[in-house]
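K.L.:
Turn this into a model:
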Amino acid sequence: MTQNPDAPPPHSSACPDRLIVLDRDGVINHDSDAYVKSLAEFIPYPSAIAAIARLSRAGYAVAIATNQSGIARGYFNDAALEQMHAHLTELVENAGGQLSGIAYCPHGPEDGCDCRKPLPGLLYQIQDALALPTLSGSWMVGDSLRDLQASETAGCRSVLVRTGKGSRTEEKRQYAEDTPVFDDLAAFADWLLA
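P.N.:
Numbering: from 1, shown residues only. Now for the predicted structure:
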């Protein structure tokens, strides 16, 4: 997991109910069926950057768990991904917030890893990096069914946003009925901080 060097050091008294894990593509930035392959194609939602900063300033640890199978498929490499994530980190910091870490799965669907969502491995990487005893009570915000499935398996509270693939996910209704649905990450932040 990529950890923000400016974030407070992990400690065992971290509180799971103050952790918010975000999917990346479709939640923080525009998604693409052709994959987000470069910094030029990485287009964040301004409201999402502001929401991350607001949550961070309110005392939440905000981390990212993202499938990036474009690496396994040869569409881009780790260096290109690191460039995107460095830019994202900078945007959040310029807005007055901070990211506690970014966990990503570089594998393809057939690679047999334990980190590709809907499996919960990325969430467990974040748990370990932040030295949390459990993920119970933490939040996972996503736009796809596999985000919600990973969240459920790891014991997080799931949230669906309608950005990215979220509206299509909502139409299919294959997730738990009590999953809250918001227009975007900013609307979730408004609700949580109200």
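
K.L.:
for Tyr104, helix, strand, or coil?
P.N.:
Under DSSP: H, G, I helix; E, B strand; the rest coil, Tyr104 falls in the strand class.

K.L.:
pretty sure it contacts Asn67?
P.N.:
Yes - if you go by CB atoms under 8 Å, Tyr104 and Asn67 touch, sitting 7.4 Å apart. (Glycine included, C-beta is placed from N, CA and C.)

K.L.:
Show me which of those two is the more surrounded one.
P.N.:
Shown here are Tyr104 and Asn67; by other CB atoms under 10 Å, Asn67 has more neighbours (25 against 22).

K.L.:
what does the model give the closest residue to the more buried one other than its chain neighbours for pLDDT?
P.N.:
Spatial nearest neighbour of Asn67, chain neighbours left out: Cys105 (5.0 Å); criterion: CB to CB, 6 or more residues apart in numbering. Per-residue confidence (pLDDT) for Cys105: 98.

K.L.:
where in the chain is pLDDT low?
P.N.:
Applying pLDDT under 70 to the chain flags residues 1-14.

K.L.:
Need the residue closest to the centroid of it.
P.N.:
Nearest to the mean C-alpha position of the chain, by CA atoms, centre = their mean, lies Leu22 at 2.2 Å.
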